[in-house]
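Sequence first, predicted coordinates after that:
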Amino acid sequence: MLVIDKVSHRFNDNVVLNDISLQCDSGNITCLIGPSGCGKTTLLRLVAGLLTLQSGHITLDGESLASPSRRLPPEQRSVGMVFQEGALFPHMTVADNIAFGLPKKGAHEIALDWLRRVGLPDFAHRYPESLSGGQRQRIALARALAPEPRVLLFDEPYANLDVPFRRALREDARQIIRQTDSIGLLVTHDPDEVLTVADHVVVLDNGGLVEAGAPQRIFDAPRSTYGAELFGEPQIFDAILQDNVITTAVGDWDRSALIDPTISNAALKLVVDADHLLVESDPQGLLIDEVRAVGRLDRLYLKTREGDAITFLDCLRVEGRSLSAGMRVRVTPKVGKVFASPASQG
């Protein structure tokens, strides 16, 4: 188990991490997600030993890796790292890249074995410049895993790959971590990656841990604004909550629509996934000015009865329902599906 306990870090006067605590279990992948600059990569570099820990404690299977008074060198940490660009040595063959850093005895055989495991058994004598982006990332994964580290760190390793390659590679990594019972810690901006790969998700924002849990739990009932906006097709509205009525630009909703219906009366920012908006015909409702197909969704451009432009919103396209310009509709959310936060929190 990898334990990160009350870790804080700053660069000069800029606090990048503030009192972060989490644990990562063997055979599982923990995803770190959050906006750019929230401290995700800094946390990875602290675990790897590439930065000196200023505050807190990092342990692996009960052994101290880092504290303000102790810093185990990176090469002694049993930690492997896969970077966004693969970071292969261009002057070395693929096999030599994988064997780099291994004890010389048996290194070549280990490299060949890992080439088979990542599906590139005939690439031993190739050079990185002759590989595709997806192939380079497979080699980078093999090189990180060849020393059999307890912890494997991923710093957005699939961000520059085409979607089909990305899906295949992240599933490869997931299966290898399961099979080797190692610990995966992955930095990503990709919500799909979180849902398909992660066993546990940690949401960072402004240097703090704002939410953590199973990906499906965060998908179904987020507890932070970033978590609410992370998955699906989030629709965002300004609103006023007064007693049991939520007043929005697309109509009045009942308080029961909220994930947390106990929230106090206030000006709110609402986030609701497009899948959770219901659109029904209503002669007294909003006027559809235009409808556009957007993948599996319909994008509606709406006006008030007075003809004032309101906004556009996306909703799930429903078989057998036809929406068209000139129709009037009522927009309501499903019960318990709207995340709300005070408007002052953004």
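Thanks, I have the structure now.

Give the other helices and strands that the top strand by length along the chain contacts.
Counting by DSSP state E, the longest strand found in the chain is strand 277-294. On a contact count with 3 or more CB pairs under 8 Å, 6 or more residues apart in numbering; DSSP states H and E, strand 277-294 meets strand 297-303, strand 309-316, strand 328-333. (Each C-beta comes from the backbone N, C-alpha and C, glycine too.)

Now do the lowest-mean-pLDDT helix or strand in the chain: everything it contacts.
Confidence across the helices and strands of the chain bottoms out at helix 163-180, with a mean of 83, counting by mean pLDDT, DSSP states H and E. Contacts with helix 163-180, where a contact means CB atoms under 8 Å, 6 or more residues apart in numbering, come from 27-29, 82, 117-119, 132-134, 137-138, 141, 145, 148, 152, 154, 157-158, 161, 182-184, 190, 193, 196-197.

Ile29: neighbour count?
By the measure other CB atoms under 10 Å, the count of residues near Ile29 is 25.

try Gln216
12.

which element is it on?
Following DSSP states H and E, one finds Gln216 within helix 215-220.

Dump the C-alpha coordinates for that helix into PDB.
C-alpha atoms of helix 215-220 as PDB (Å, rounded to 0.1, in the frame of the first residue of the first chain):
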ATOM      1  CA  PRO A 215     -15.600   6.700 -10.100                       C
ATOM      2  CA  GLN A 216     -19.200   5.600 -10.300                       C
ATOM      3  CA  ARG A 217     -20.000   7.200  -7.000                       C
ATOM      4  CA  ILE A 218     -18.600  10.500  -8.200                       C
ATOM      5  CA  PHE A 219     -20.500  10.100 -11.500                       C
ATOM      6  CA  ASP A 220     -23.800   9.500  -9.800                       C
END
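
Pull out the buried positions in it.
215, 218-219 (16 or more other CB atoms under 10 Å).

related to what we said a few turns ago, just send the helices and strands packed on strand 277-294 back as CSV, with distance to Val291, mean pLDDT and mean neighbour count too.
Formatted as CSV, these follow (distance: least, CB to CB, whole Å; pLDDT from 0 to 100; neighbours: other CB atoms under 10 Å):
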stretch, distance to Val291, mean pLDDT, mean neighbour count
strand 297-303, 6, 93, 19
strand 309-316, 10, 85, 17
strand 328-333, 10, 95, 19
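
Tell me which of those strands sits nearest to Leu22.
strand 328-333 (32.0 Å; CB to CB).

helices or strands up against the closest one?
Using 3+ CB pairs under 8 Å, 6+ apart: strand 328-333 touches strand 251-254, strand 277-294, strand 297-303.

buried sites along the shortest one?
Taking 16+ other CB under 10 Å as the basis for neighbour counts, the residues of strand 251-254 that come out buried are 251, 253.

any idea of the mean pLDDT for that strand?
Across strand 251-254, pLDDT averages out at 95.

so what strands line up beside it?
strand 245-248 (antiparallel) (DSSP bridges).
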